[in-house]
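Enquirer: How does the following fold in three dimensions:
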Amino acid sequence: MAVKVINAKELHEKIEKGVVILDVRNPEDYQEWKIEGKNLTSLNIPYFDFLEENDEVFAQLPNDEEIVVICAKGGSAQMVAEILDEKGYNVSYLEKGMQEWSQFYHPATVVTEERLKLIQVNRLAKGCLSYMVISEGQALVVDPNRHIDEYLTLAEKENATIAHVIDTHLHADHISGGHELAEKTGATYYISSSEMQGSHLRYEPLENHKRLQFGAVEVQVIAVPTPGHTPGSVSILVNDKYLLSGDTIFVGGLGRPDLGGKAREWAQSLYDTVFKTIANLSDDVLVLPSHYADIKEINEGGYVGARLGDIRKRNEIMRTEDREQFTEMVTGTVGATPPNYEEIVEINRGTVEVSAEKATELEIGPNRCALHHA
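Expert: Numbers count the residues shown, from 1 in each chain. From the prediction side, this is the model:
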């Protein structure tokens, strides 16, 4: 009898309930990037350890719980799962491994009002968040990732037509689906023109549109310039209540200002954003970022977000009004850069084209656009 094979959606359902994940990749790869969840137990035992039939290795595994075996692309996981199956373990494996998990998206409804629905789409393996704002059968998509079928399917499910697509900035850690989604649906694609220097892609300069309205009622989307992560970064304020903050403000930190090679200069812009632009927003505004860095940031509602007042209280850097001290704190915690970010930026600008296989390879790995300051 063949070992049970599961897909990424089924794995996510198991993680929600509680499961044991056995990751059989090398320890270095595991430490760099692994599947996380609040209810899972994660074990890392390299696949070659199982080839030696060492009882000490098998003793590390639970006999009374389901085990899902994971590797990079599925082959090693299948081999280990078959060994464990023969020994009587309750086992399955993720068919295409971490490569498949990196392309899994999970939508979570943030709020449903009479004439407004706001959905957060979580790409869990990357910590990437995108949004669909729906009103009266029309939809705005913010920061879509490259697998645009996810948004097309969601819009169809919600009986909505995608009319507007916005990228809050030129992304560095994943390939945007913004332009392609707009081309596919006939929607308008918006991004700040300062992000698209040298681009041949068709877009509408976001700085020319202080307000967007769609739907039968007034759903006002106000583009708030919030430079710092990139010079043209914006946040999207929906109905004065929901701040889609891009990579400017996170639940646990701020956007990193170093990816353009001008860390101190961009940190100055970030300071002005925090203490001038964002300072004018109410504590009651719900901040919904485009990235998160820790699975614990997913709240009880199943989405990543927090009230601006709560973020201010627990985020020391957002209370550091001394400009020089702020700059030192921001530039001193930038950490490792996103892998392949320079090539990904050029792809998103439209100056470089790659195959789907190459795109998958470039995106492999964790998000590194979020900085912890909480």
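Enquirer: Got phi/psi on residue 131?
Expert: Note on residue 131: its backbone torsions stand at phi -140, psi 150 [degrees, to the nearest 10].
Enquirer: What is the neighbour count of it?
Expert: Taking other CB atoms under 10 Å as the criterion, the count of residues near residue 131 is 25. C-beta: built from backbone N, CA, C; applies to glycine.
Enquirer: Relative to residue 120, how far out is it?
Expert: According to CB to CB, to the nearest Å, residue 131 and residue 120 sit 6 Å apart.
Enquirer: what do the two both touch?
Expert: By CB atoms under 8 Å, 6 or more residues apart in numbering, residue 131 and residue 120 have these common neighbours: residue 288.
Enquirer: for the stretch 1-150 of the chain, what are the low-confidence residue spans?
Expert: 1 (pLDDT under 70).
Enquirer: All the helices of it, residue numbers only.
Expert: Assigned by DSSP state H, counting those that start in this stretch, the stretch 1-150 of the chain shows helices spanning 8-17, 27-32, 55-58, 75-86, 97-101, 149-157.
Enquirer: Can you tell me which of those helices is most buried?
Expert: Mean neighbours per residue, mean count of other CB atoms under 10 Å, is largest over these for helix 97-101, with a mean of 22.
Enquirer: elements contacting that helix?
Expert: Secondary-structure packing of helix 97-101 (3 or more CB pairs under 8 Å, 6 or more residues apart in numbering; DSSP states H and E): helix 8-17, strand 67-70.
Enquirer: Would you mind pulling the contact partners of the shortest one?
Expert: It refers to strand 67-70. Contacts for strand 67-70 (CB under 8 Å, 6+ apart): 6, 11, 14, 19-25, 35, 61, 77-78, 80-81, 84, 89-94, 97-98, 101.
Enquirer: sorry, back to before: got CSV for the helices of the stretch 1-150 of the chain, with distance to residue 208 too?
Expert: Shown next, in CSV, are the helices of the stretch 1-150 of the chain (distance: least, CB to CB, whole Å):
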stretch, distance to residue 208
helix 8-17, 39
helix 27-32, 41
helix 55-58, 62
helix 75-86, 50
helix 97-101, 39
helix 149-157, 24
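Enquirer: Nearest to residue 342 among those would be which one?
Expert: Proximity to residue 342, assessed across the helices of the stretch 1-150 of the chain by CB to CB, is greatest for helix 27-32 (19.4 Å).
Enquirer: for that closest one, the distance to its chain's centre please.
Expert: Here helix 27-32 is found 20 Å from its chain centre; the criterion is CA atoms, centre = their mean, to the nearest Å.
Enquirer: go on, stretch 6-22?
Expert: With CA atoms, centre = their mean, you get 19 Å for stretch 6-22.
Enquirer: Straight-line length of that stretch, end to end?
Expert: Taking CA to CA, to the nearest Å, the first and last residues of stretch 6-22 lie 14 Å apart.
Enquirer: outside of that stretch, which residues touch it?
Expert: Stretch 6-22 has contacts (CB under 8 Å, 6+ apart) with 35, 37, 39-45, 61-62, 65-70, 80, 92-95, 100-101, 103-104, 106, 124.
Enquirer: try stretch 147-166
Expert: Residues outside stretch 147-166 that contact it (CB under 8 Å, 6+ apart) are 103, 105, 107, 117, 119, 121, 130, 132, 134, 137-144, 177-182, 184-185, 187-191, 206, 212, 214, 221, 223, 236.
Enquirer: rerun at 7 Å
Expert: For stretch 147-166, contacts defined as CB atoms under 7 Å, 6 or more residues apart in numbering pick out 103, 105, 107, 117, 119, 121, 132, 134, 137-142, 144, 177-178, 180-182, 184-185, 187-190, 206, 212, 214, 236.
Enquirer: OK, contacts around residue 81?
Expert: 3, 69, 91-93.
Enquirer: rerun at 10 Å
Expert: 2-5, 22, 24, 50, 67-71, 74, 89, 91-94 (CB atoms under 10 Å, 6 or more residues apart in numbering).
Enquirer: When you filter the residues you listed down to buried only, what's left?
Expert: 3, 22, 24, 50, 67-71, 74, 89, 91-94 (16 or more other CB atoms under 10 Å).
Enquirer: Closest to residue 320 out of these?
Expert: Using CB to CB, the buried ones among the contacts of residue 81 come closest to residue 320 at residue 70, 40.5 Å.
Enquirer: Name the nearest residue to the closest one, sequence neighbours excluded.
Expert: residue 23 (4.7 Å; CB to CB, 6 or more residues apart in numbering).
Enquirer: Redo the helices and strands packed on helix 97-101 as CSV? Include distance to residue 351.
Expert: As requested, the helices and strands packed on helix 97-101 are exported to CSV (distance: least, CB to CB, whole Å):
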stretch, distance to residue 351
helix 8-17, 31
strand 67-70, 35
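Enquirer: Residue 324 is nearest to which of the helices of the stretch 1-150 of the chain?
Expert: helix 27-32 (34.2 Å).
Enquirer: what are the C-alpha coordinates of the closest one, in PDB please?
Expert: C-alpha atoms of helix 27-32 as PDB (Å, rounded to 0.1, in the frame of the first residue of the first chain):
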ATOM      1  CA  PRO A  27      20.200  21.200   9.500                       C
ATOM      2  CA  GLU A  28      21.600  24.300   7.800                       C
ATOM      3  CA  ASP A  29      18.600  24.500   5.400                       C
ATOM      4  CA  TYR A  30      16.200  23.700   8.300                       C
ATOM      5  CA  GLN A  31      17.600  26.500  10.500                       C
ATOM      6  CA  GLU A  32      17.500  29.000   7.600                       C
END
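Enquirer: who touches it?
Expert: Against helix 27-32 from outside (CB under 10 Å, 6+ apart): 23-26, 42-46, 70-72, 98, 336, 339, 364-366.
Enquirer: from the residues you listed, which ones fall inside strands?
Expert: 23, 42-44, 70 (DSSP state E).
Enquirer: top of those residues by neighbour count?
Expert: residue 70 (27 neighbours).
Enquirer: Return the distance of it relative to residue 25.
Expert: With CB to CB as the criterion, residue 70 and residue 25 are 8 Å apart.
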